[in-house]
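In: everything below, folded, please.
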Amino acid sequence: MNADHDLLPALQRYWGYQSFRPLQERVVRSLQSGRDVCVVMPTGGGKSLCYQLPAALSTKTAVVISPLIALMQDQVAQLSQMGISAALLNSSIGASEQSSIERDAAAGKFRLLYLSPERLARPDTIVWLRTLPLSFFVIDEAHCISEWGHEFRPEYRHLSRLRKLLPECPIAAFTASATQRVRHDIIAQLQLRDSHNYIASFHRPNLRYLVQRSDPRTQPEMLLRALQKHSIGNVIVYSPTIARVGETVEFLKENGIDALPYHGKMENKTRRRNQERWMSGEVRVLVGTLAFGLGINKEDVRAVIHLALPKSLEQFYQEAGRAGRDGQPADCILLWQKRDAGLLAHFIGQVEDGEEKERAWQRYNEIRRFVEASSCRHRQICAHFGEKTKWESCHACDVCGCDLAWLSAAPKSEPAKAHSIPAHAPPKHQRSRKAARPLHATIPAANVNPELREFLREWRRTIAKRQSVPAYVVMHDSALDDLCRKLPRSLAEIRQVFGFGERRTEMYGPQILEALREFRKEPRAAHQSSD
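Out: Residues are numbered from 1 along each chain as shown. The predicted structure follows:
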């Protein structure tokens, strides 16, 4: 790889971006120079670009280890739409297609190849990888390799063999949430050599952390109040059990709020359809468990609401961080109950392994301190991850004086069945996180015609369904808003729209110009009413 390669033209060509986010260019240049890297960058910070850009500029293949099939599928689809050759190998692909992908990979046809950690654990996979022209390995969700991490996955331990089996290939570890101890463990487990380490700030100033203790009687009212407060924009509601997901969805519908469920025991097709309906804006609120969230690439989530105490502060930070990825204000609301702590303690008591039990108690004590302490929530989170802050008050949490009257007050109209979310003791492995979003009540972006925005959102939904890809693969909301502002009249002007690289302009530019012409000609309802 050429370390002197000018990166901005490639950034504009493929992604349609005019500049990098903080740390991105430095990570890219480290990978181009063949260094190991460890990157901790909060949700929404642009981690994937850090390895996709150097891979796109290489003549070799970067292998990306990712834990979720759906995430791999979406990333490969997005890369394809940008003109970057990529593929994935997993159990969802037939034998003949797998053989074809393996042959193409050996011939160096892909810039990025996505594999699961289970796939990499197979001896035949390592033998095959040795035949590929490799540029570097990427370990996504790298905190999963550490037993001190909040989502330890035993299959990730196999990744420690990479250094020994393929010693010449650089390794890049990426995660959104890792304490100092976990970061050191990641570096040790992967045997990173004199790695370049990039740790972004854990402070998310656009987020408001609002922690409120509730009980079975008050929590339903608080949930309704929170959703009334956030009646515009997308919301994720994390529920502690699969049973509570369904009950919460029904409760919200009984109170006039449309919501979709999402959990690990749903049929894959239904789960993916619900996610896409939420992602594309057909439904505003999504209620889910831990099965929902990893890799969710939605920029305009205005609130994340937890209905139970998370099992760790890292889990809360990662899930809450799915709000406000567009940099606009968003609320992270934790409605915990005393019985949540008792339930967590009960499950920890059933853990037999002594060291695992010790780590679980540590996480338990950290999240208890977080919700019960009377100090700034933002400072607590930064300190947890080893970041020192110079300010005393964030002015963006319940401790530092945010107005919570709207949350503690009763809903404007007394809910018909505010008592109707039953409590069930969740099985050990079922904790939750999820959310939802509206079709006709989206956040009004600055200087954007709301009718044009909805018109183009509907156009995007149609195109996405035709191609069987998520709507955001066709175009992110930030690109759609910039399109509404700039109102291009030529392909050259579309290239100046945020997020429109060469390939996306070629694929959609003529259709977008036609859609804009149709919108200009079509009489608007607002105009008709003024006659």
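
In: which residues of the stretch 151-300 of the chain score low on pLDDT?
Out: Residues of the stretch 151-300 of the chain meeting the criterion pLDDT under 70: 291, 293-295.

In: correct me if wrong: Gln73 contacts Ala86.
Out: No - the pair Gln73 / Ala86 is not scored as a contact, 10.7 Å apart, by C-beta atoms under 8 Å. No exception for glycine: its C-beta is placed from N, CA and C like everyone else's.

In: more neighbours: which of the two?
Out: Using other C-beta atoms under 10 Å as the criterion, Gln73 and Ala86 rank with Ala86 on top: 23 against 19.

In: and that one, backbone torsions?
Out: Ala86 has phi and psi values of phi -150, psi 160 when expressed as degrees, to the nearest 10.

In: and for the spatially closest residue to Gly386 that is not a sequence neighbour, the neighbour number?
Out: Distance criterion C-beta to C-beta, 6 or more residues apart in numbering; nearest residue to Gly386, sequence neighbours excluded, is Gln180 at 4.0 Å. Gln180: 13 surrounding residues under other C-beta under 10 Å.

In: same question, the one 10 residues further on
Out: Leu190 has 24 neighbours, counted by other C-beta under 10 Å.

In: ditto for the one 5 residues further on
Out: Each residue near Ser195 was counted by other C-beta under 10 Å, and the total is 20.

In: list the contacts of the residue lying closest to it once chain neighbours are set aside.
Out: Leaving aside its sequence neighbours, Ser195 sits nearest to Asp36 (C-beta to C-beta, 6+ apart; 4.0 Å). Asp36 makes contact with 170-172, 190, 192-196, according to C-beta atoms under 8 Å, 6 or more residues apart in numbering.

In: surely Leu190 is in contact with Ile171?
Out: Yes - contact criterion C-beta under 8 Å: Leu190 and Ile171 qualify, at 5.4 Å.

In: got any residues that touch both of those two?
Out: Counting by C-beta under 8 Å, 6+ apart, the residues touching both Leu190 and Ile171 are 36, 139, 162-163.

In: out of these, flag the one nearest to Cys397.
Out: Ile139 (32.7 Å; C-beta to C-beta).

In: roughly how far apart are that closest one and Ser48?
Out: Plainly put, Ile139 is 13 Å away from Ser48 if you go by C-beta to C-beta, to the nearest Å.

In: care to break the protein down by domain?
Out: 7-199, 207-436, 450-529 (automatic domain parsing).

In: and those, which one is worst for confidence?
Out: Among the domains of the chain, domain 207-436 carries the lowest mean pLDDT, at a mean of 85.

In: check contacts around the residue lying closest to Cys332 once chain neighbours are set aside.
Out: Spatial nearest neighbour of Cys332, chain neighbours left out: Ala320 (3.6 Å); criterion: C-beta to C-beta, 6+ apart. Counting by C-beta under 8 Å, 6+ apart, Ala320 touches 207, 209, 304, 306, 332, 334.

In: widest-spaced pair of those?
Out: Largest pairwise distance in the contacts of Ala320, by C-beta to C-beta, is 13.4 Å, between Leu207 and His306.

In: so between those two, which is more surrounded?
Out: His306 (26 against 23).

In: thank you, goodbye.
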